[in-house]
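Chemist: Predicted coordinates and the sequence they were generated for:
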Amino acid sequence: RETDGNLPIFLDGISLGGATVLMALELNLPDNVAGVIDDCGYTSEKDILTRGCRDLVHIPAFPLVNLIGVVNKIVTGLWLDEVDGSKCVKKARVPVFFAHGKRDNLVPVEQGIKNYEACPGFKMLIISENAGHGTAFLEDHGEYVEKLTDFFEKCRVIAHVHGSSAAHALAGAHVVENLL
């Protein structure tokens with residue numbers, strides 16, 4: 001159907017997609033982006049590659065990660081340290097919902113917690129005790145849906161109280177709890 005372009009949009013990603021939507025937080029997002037949903041996103045490319053070398057394939061991270069970093073710089077123009085969702089999330093101007101499985105053997109839950117802690121504004125976190133990588137929704141469906149619904153409701157209240165502009169979301173975050 002036709003709209004006036006003001007429908008709220010939530011950016012959502014799982015794993016690499018979660019890291020991607022966190023990195024989008026440093027961009028000048030349109031006003032109708034109402035929030036971000038990150039499910040098991042990693043902190044940075046360097047962190048995930050280092051962890052993968054060490055814990056998954058049991059090889060030293062040096063010099064492989066450094067070599068990958070040079071190739072990444074040549075191909076994309078960015079060093080691995082520059083591709084860091086935990087730094088980008090510090091610039092969040094919209095609410096962020098974080099989900100992570102405690103049994104995630106690909107992206108450790110500590111990386112999800114680091115992303116959550118770096119977020120300055122309104123945020124919510126669900127850590128699923130039994131979930132592996134990208135399975136929090138499946139493992140704890142009821143709690144996940146309940147918390148995500150609560151997140152959407154709080155985002156709606158923030159937008160209602162402070163206008164539709166997502167940039168107002170952080171200002172509204174501190175009054176939401178008193179309104180609900």
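Modeler: That came through, no problem.
Chemist: For the rest of this, base every contact and every neighbour count on C-alpha atoms.
Modeler: Will do.
Chemist: mind showing which ranges of the protein have poor pLDDT?
Modeler: Residue ranges of the chain with pLDDT under 70: 1-3, 5, 162-180.
Chemist: mind listing the strands for it?
Modeler: 9-14, 33-39, 96-101, 123-128 (DSSP state E).
Chemist: Now those in a markdown table, please, with extra columns for distance to D150 and mean neighbour count.
Modeler: Converted to a markdown table, these look like this (distance: least, C-alpha to C-alpha, whole Å; neighbours: other C-alpha atoms under 10 Å):
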| stretch | distance to D150 | mean neighbour count |
| --- | --- | --- |
| strand 9-14 | 14 | 18 |
| strand 33-39 | 13 | 25 |
| strand 96-101 | 10 | 26 |
| strand 123-128 | 9 | 20 |
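Chemist: Which of the ones you listed sits closest to D55?
Modeler: Minimum separation from D55 across those (C-alpha to C-alpha) falls at strand 96-101, 17.5 Å.
Chemist: ok, the closest one: who's next to it in the sheet?
Modeler: Its sheet considered, strand 96-101 pairs with strand 33-39 (parallel), strand 123-128 (parallel) by DSSP bridges.
Chemist: Relative to D84, which of the strands of the chain is closest?
Modeler: Of all the strands of the chain, strand 33-39 comes closest under C-alpha to C-alpha, at 13.9 Å.
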